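Novice: Pasting a predicted model and its sequence here:
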Amino acid sequence: MERIKLLTTENAQLRAEMGSLKDRLETVERIVTDEPSRLEREINALVHDKGGRA
């Protein structure tokens, strides 16, 4: 019974990690396929939002 509980916990953790990796992959795919000018605008917006200098 304990083994089932451990495997269930591990399964949940792996599923959460897989979801996170899918989200990250979507972001990378968007960055790679979007127009370069749009990417530059988004990066600049993030820099300004964080109070940084462009």
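Specialist: Received, thanks.
Novice: use CA for all of it now, contacts and neighbours both
Specialist: Noted.
Novice: Ile43: neighbour count?
Specialist: By other Cα atoms under 10 Å, the residues close to Ile43 number 13.
Novice: what do you get for Asp23?
Specialist: Under the neighbour criterion other Cα under 10 Å, Asp23 is assigned a count of 12.
Novice: where's it, which helix or strand?
Specialist: Asp23 is part of helix 2-33, with elements assigned from DSSP states H and E.
Novice: Buried residues, the helix or strand where Val47 lies. List them.
Specialist: For Val47, the host element (DSSP H and E) is helix 36-49. If you call a residue buried by 16 or more other Cα atoms under 10 Å, then helix 36-49 has no buried ones at all.
Novice: pull the CA atoms of it into PDB?
Specialist: Extracted in PDB, the C-alpha atoms of helix 36-49 (Å, rounded to 0.1, in the frame of the first residue of the first chain):
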ATOM      1  CA  PRO A  36      11.700  39.600 -34.700                       C
ATOM      2  CA  SER A  37      10.300  43.100 -34.200                       C
ATOM      3  CA  ARG A  38       7.600  41.800 -32.000                       C
ATOM      4  CA  LEU A  39      10.100  40.000 -29.800                       C
ATOM      5  CA  GLU A  40      12.200  43.100 -29.500                       C
ATOM      6  CA  ARG A  41       9.100  45.100 -28.400                       C
ATOM      7  CA  GLU A  42       8.200  42.500 -25.800                       C
ATOM      8  CA  ILE A  43      11.700  42.300 -24.400                       C
ATOM      9  CA  ASN A  44      11.900  46.100 -24.100                       C
ATOM     10  CA  ALA A  45       8.500  46.200 -22.400                       C
ATOM     11  CA  LEU A  46       9.700  43.700 -19.800                       C
ATOM     12  CA  VAL A  47      12.900  45.700 -19.200                       C
ATOM     13  CA  HIS A  48      10.800  48.900 -18.700                       C
ATOM     14  CA  ASP A  49       8.300  47.100 -16.500                       C
END
